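>>> Whatever this is, show me its structure:
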Amino acid sequence: MDQNRIEKGQIGKSLSYFYKCPFIPFDPKMTIPYELLSKLKKAFLLQNCWVPINWDLSTKTVEIGIDDPTDLVKTDNVSVLMKTKNIKYFVGIKEDIADIITYFYEGGTETTKEAVPDSDDGYDMIPDI
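Okay, here's the model as predicted:
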């Protein structure tokens, strides 16, 4: 973006058009989906560059922010870990996905009880995959 002087909105519009799904930028006013993040580790999400962003109870659909919605390894991991077939993908820039993950696990700029704990209890969902 900096090198070619292209705005994030323009890149987002292109990504949305290319992947045929909505673009999601980082927004510090996002609601943290505690119930979706409770069994996921921050390091795993950062490494795989996807994050659950919302859960629509009426349609039982999980909304996922991801850098590449066509990556079958990532989408298979999402399906297994979210335990649902009703998934709606939102494409995002890698830096924004990382910012969302950090925001969710650290509670924004303040590390408070609002943040999702990144448990070190030895339970890891990666072996389930």
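
>>> Specify the beta-bridge partners of the closest residue to Gly12 other than its chain neighbours.
Distance criterion Cβ to Cβ, 6 or more residues apart in numbering; nearest residue to Gly12, sequence neighbours excluded, is Phe23 at 3.6 Å. Glycine gets a C-beta too; all of them are placed from N, C-alpha and C. When assigned by DSSP bridges, Phe23 has beta-bridge partners Val91.

>>> How many residues are close by Phe23?
By other Cβ atoms under 10 Å, the residues close to Phe23 number 20.

>>> What residues of the helix or strand bottoming out on mean pLDDT in the chain count as buried?
Lowest mean confidence among the helices and strands of the chain (mean pLDDT, DSSP states H and E): helix 34-37, at a mean of 88. Within helix 34-37, the residues that qualify as buried are Leu36, Leu37, counting by 16 or more other Cβ atoms under 10 Å.

>>> ok, now stretch 50-67?
The neighbour-count criterion (16+ other Cβ under 10 Å) identifies Trp50, Val51, Pro52, Ile53, Asn54, Trp55, Val62, Glu63, Ile64, Gly65, Ile66, Asp67 as the buried residues of stretch 50-67.

>>> now swap in stretch 71-88 and tell me
Within stretch 71-88, judged by 16+ other Cβ under 10 Å, the buried ones are Lys74, Thr75, Asn77, Val78, Leu81, Met82, Ile87.

>>> Which residue comes closest to the second one once chain neighbours are left out?
It stands for Thr75. Nearest non-adjacent residue to Thr75 (Cβ to Cβ, 6+ apart): Pro69, at 6.8 Å.

>>> The fourth one too?
Computed as Cβ to Cβ, 6+ apart, the closest residue to Val78 that is not its neighbour in sequence is Ile64, at 5.5 Å.

>>> where's that neighbour relative to Lys39, distance?
15 Å (Cβ to Cβ, to the nearest Å).

>>> related to what we said a few turns ago, next, the residue nearest to Val78: secondary structure please.
Recorded secondary structure, Ile64: strand (DSSP: H, G, I helix; E, B strand; the rest coil).
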